[in-house]
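Enquirer: Please work out how this folds:
(2 chains)
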Amino acid sequence: MLNILKPFSTWIIIAAIAAALPLIFESSFALTLLSKMGVLIIFTVAYNMLLGQGGMLSFGHAIYFGLAGYASIHILNGIGEETLPYFPTVLFPLIGAIVGLFFGSIVGYVSTRRAGTAFAMISLGFCEMVTAMTLIFVIFFNGEDGIQTDRMVGPEPFGVSFGPQIEVYYLILFWVLLTVALMYIITKTPFGRMSNAVRDNPERAAFIGYSVRRVRWQAFALSSMFAGAAGSLHAINYEHIGFESVSVVQSGAVLFMAFIGGAGHFLGPIIGAIGLTYLDSTLADITEAWLLYLGLTFSGIVMFAPGGLAGLIVMHGPIARTNKNLLFSLIKPYLLAIGSVITGLLGLIGIIEMLYFRSLISKGEGEIIIFWTEFNANGILSWLIFIGLILLGIFLSKRTFPVAKESWDNAISVVKTEISNE
Amino acid sequence: MDVILFTVFNGLLYGMLLFMLSSGLTLIFGMMGVLNFAHASFFMLGAYFAYQISKYIGFVPALFIAPLIVAVCGAMVEKYALRRVHKFGHVAELLFTFGLFYIIEELVQMVWGKVPVGYHVPEFLDFTLFSMSGMGYQAYAMFTLLVSIAIFFALFSVLTKTRAGLIIQAALTHPEIVSSLGHNVPRVFMAVFGLGCALAGLAGVLAGNTLGTEPSMALSLGPIVFVVIVVGGLGSLKGALVASILIGVLQTTAISLDLSINSLIETLGFAVDLESLWHILIDLTISQVAPILPYLLLVVMLIVRPRGLFGNRDV
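Expert: Numbers count the residues shown, from 1 in each chain, chains lettered A, B, ... in the order given. From the prediction side, this is the model:
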């Protein structure tokens, strides 16, 4: 019995931890945040079926997320007004999945002829079109206000009404585990492998007899289907859907999550969804410049670590497997390098915060709290401190980064010789 | 008739503005394969720089200085960031410019605030040049049109008649050969990127005061420019011109048309009585659906002629 469960042990442990989380974080803020994370994990992993697995960069994947959300809200309202027959709330993501699959198949058919930049441009066009439609077809989308609903409709099987947030959390958790497991299995099927092949070398894939466009289209439709399931859960979670959920802003957010987390690895989008959702909910209240930091982080990742955070972690896999001590020897140079970067970043953040403060919040008053310390945004001293921090950070980075890189090269060459000796 | 003439004039004005934006984008794309998501952000920067400069030394210097500064910004972005990303491929370049789009929008908010700034039409051009049966043609609009047409001819003659233009065209198709002939191809790329950004900046200087200079202006125009270069054919300058004017005229005409399917049926002498939901659909006027028309054109183009009007490869 235990042997059968063994391959699934990681999944079971993660599921158990996720199920126990509401017992540890009891506040309603934490529960709302966890629910939001769950929805976005599904959406981001679905998005990565396109970006990471299929090599298609889309600026319009929120279409399927949002339209599924609108459909779910209308059906919930219909059940509430008893114009539609009862449908169990637990199975609502299936409705979203069907809606996503339907629209994904249509849009995918006309836009998957080519991948790359042309595909990206077309996806943006579709996204803008649907966003404009939400403001035109008011009867269905209700314009800028969006639509409200009440998720407590129909009978309550086993006393579960989905009124309290905790019940919604477990509903979302169930669907996260199910859909993420499904999407993981898809990456292991021949279709998933073919999708990778089409991403890496469309010409060769075509030469061995596959229709490149067909494979892309299937990946697009499947990805839209899972995005639709996420959209349904989003609607149930918030009991509201607005035009921004189909817009390019939502599409950009999911791109940020998938890419910063790491598009090349299955776990990357999950890391990105959890991390960015957490930062978004906490930092957006503290700083005005949250989007600027996000943009800078994203561009920095594109320039210096295109594998994302997951890519950086996976990079150390071979070292950890051959010699654990080698990995520990890397810690010190890494910490030094990270420390010097943080020094520079502290200075940069200070400058940005003071600039924002001066232009947006207050023209006269100068007191501003940065890093729990009071600074005077009009005084020359605070500017000098932060500029000094930036310069110090650059100076330290120039010394510590070559050392870190050297240790890394060293470690990887040791690994290479050990592997070739075996 | 006069209304039609006036609408066509406005469409042409908007179309030439779109052309100034899309010509730079399509030139950069055709030559380097870089799709610059932040192109409209440079348009926005042009408008903001022009506002700031014209506040101190007037509109005419701003007309020359602002595009230059934008060009320098663009060249810096190419040299210090895009060149580094280049080795990861075109999608990575697009992703980088997507991040840049957010950065520029936030920086603009940081410096100039979130509300529109008061960038106005210069006083010496703010009068009615002539009127035709009740329709006044503003001098500034005429000026904008003339400048954009001049830019169009200048661009074409530089690209086809001068030595620099020949090098650019050659680097477009055969970068290795141009490089082995001794030309510095990275520098040519940087110059073209700067030139494209300067064109976008100039469009910003000319249009910022009539369209409104605000942080959201990049997002509202950016996607349309993408539609223009796909419809015109990727990398084709001629296509960009035709598609720009087509979309410009299409949008301005559609906004002024109050026709709906229902009114059409009624003119034909029929009366329809439909359920409420369908009634709303046939009551929609063309002016209401005007915002989605460019994107509908994109979809139709993709199905009917995927290479665009003048392109030589399918998208």
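
Enquirer: Okay, domains of chain A per the record?
Expert: Following automatic domain parsing, one finds the domains of chain A at A:24-307, A:317-421.

Enquirer: quick one: is the shortest one near chain B?
Expert: Yes. For a cut-off given as CB under 8 Å from any CB of the partner chain, domain A:317-421 has contacts with chain B, namely A:Ile352, A:Leu355, A:Tyr356, A:Ser359, A:Leu360. All C-beta atoms are positioned from the backbone trio N, CA, C, and that covers glycine.

Enquirer: re the thing from before, tell me which of the domains of chain A is the most buried.
Expert: Among the domains of chain A, ranked by average contacts under mean count of other CB atoms under 10 Å in any protein chain shown, first place goes to domain A:24-307 (a mean of 20).

Enquirer: mind listing what A:Phe401 touches?
Expert: Contacts of A:Phe401 were listed using CB atoms under 8 Å, 6 or more residues apart in numbering or on different chains, and they are A:Ala337, A:Ser340.

Enquirer: And the residue nearest to B:Gly24 when sequence neighbours are not counted, how far from A:Gly295?
Expert: Among residues not flanking B:Gly24 along the chain, B:Gly196 sits closest, at 3.0 Å (CB to CB, 6 or more residues apart in numbering or on different chains). Look at B:Gly196 and A:Gly295: by CB to CB, to the nearest Å, they are 21 Å apart.

Enquirer: Also B:Tyr295?
Expert: 26 Å.

Enquirer: Now the element after the lowest-mean-pLDDT helix or strand in chain B, going C-ward?
Expert: Every helix and strand of chain B was ranked by mean pLDDT, DSSP states H and E. The lowest is helix B:276-283, at a mean of 65. Next helix or strand after helix B:276-283 toward the C-terminus (DSSP states H and E): helix B:286-289.

Enquirer: which residues does the residue in the stretch 51-200 of chain A that chain B sits nearest to contact?
Expert: Closest to chain B within the stretch 51-200 of chain A is A:Met129: 3.5 Å, counting by CB to the nearest CB. By CB under 8 Å, 6+ apart, the contact list for A:Met129 reads B:Ile292, B:Tyr295, B:Leu296, B:Leu298, B:Val299.

Enquirer: which residues touch the second one?
Expert: It refers to B:Tyr295. A:Gly125, A:Phe126, A:Glu128, A:Met129, A:Ala132, B:Pro223, B:Val227.

Enquirer: what pLDDT, on average, does the helix or strand where the fourth one lies get?
Expert: A:Met129 belongs to helix A:116-136 when assigned by DSSP H and E. For helix A:116-136, the mean pLDDT works out to 86.

Enquirer: Just the C-alpha atoms of the helix or strand just after it, please, in PDB.
Expert: Per DSSP H and E, helix A:116-136 leads on to helix A:138-141 as the next helix or strand towards the C-terminus. Output in PDB follows, covering the C-alpha atoms of helix A:138-141 (Å, rounded to 0.1, in the frame of the first residue of the first chain):
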ATOM      1  CA  VAL A 138     -23.400  46.300 -21.500                       C
ATOM      2  CA  ILE A 139     -26.300  43.800 -21.200                       C
ATOM      3  CA  PHE A 140     -23.800  40.900 -20.700                       C
ATOM      4  CA  PHE A 141     -20.800  42.600 -19.200                       C
END
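
Enquirer: right, is helix A:138-141 up against chain B?
Expert: Yes. Part of helix A:138-141 sits near chain B under the criterion CB under 8 Å from any CB, namely A:Val138, A:Ile139.

Enquirer: okay, the contacts of B:Tyr295 in TSV with distance to A:Gly262 next?
Expert: Putting these into TSV (distance: CB to CB, whole Å) gives the following:
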residue	distance to A:Gly262
A:Gly125	28
A:Phe126	26
A:Glu128	28
A:Met129	31
A:Ala132	33
B:Pro223	28
B:Val227	32
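
Enquirer: Now do the residue nearest to B:Ser256 when sequence neighbours are not counted against chain A, distance only.
Expert: Using CB to CB, 6+ apart and skipping the chain neighbours, the partner closest in space to B:Ser256 is B:Thr7 (5.6 Å). Distance check for B:Thr7 against chain A: by CB to the nearest CB, to the nearest Å, it reads 21 Å.

Enquirer: tell me which element B:Thr7 falls in.
Expert: Using DSSP H and E, B:Thr7 maps to helix B:2-32.

Enquirer: quick one: buried residues of the helix or strand just after that helix?
Expert: Using DSSP H and E, the helix or strand that follows helix B:2-32 in sequence is helix B:39-56. Neighbour counts over helix B:39-56 (16 or more other CB atoms under 10 Å in any protein chain shown) mark B:39-54 as buried.

Enquirer: Tell me where the chain is predicted with low confidence.
Expert: No chain was given, so I picked chain A. Within chain A, the segments meeting pLDDT under 70 span A:1-7, A:154, A:159, A:360-367, A:377, A:422.

Enquirer: if you could check chain B rather than the one you did, that'd help
Expert: For chain B, applying pLDDT under 70 flags the ranges B:1, B:133-134, B:172, B:262, B:269-282, B:312-315.

Enquirer: how many neighbours does B:Pro306 have?
Expert: For B:Pro306, the tally of surrounding residues (other CB atoms under 10 Å in any protein chain shown) stands at 19.

Enquirer: Just want to check the distance between B:Met76 and B:Met31.
Expert: For B:Met76, the distance to B:Met31 equals 18 Å [CB to CB].

Enquirer: Can you point out the helix or strand that includes the residue nearest to B:Gly24?
Expert: Per DSSP H and E, B:Gly196 falls inside helix B:185-211.

Enquirer: Name the next helix or strand following that helix along the chain.
Expert: Next along the chain after helix B:185-211, taking DSSP H and E as the criterion, comes helix B:217-232.

Enquirer: ok, is that following helix in contact with chain A or not?
Expert: Yes. Shown here: helix B:217-232 in contact with chain A (CB under 8 Å from any CB) through B:Leu219, B:Pro223, B:Phe226, B:Val227, B:Ile229, B:Val230.

Enquirer: so A:Ala19 is in which element?
Expert: Residue-wise, A:Ala19 maps onto helix A:9-24 under DSSP H and E.
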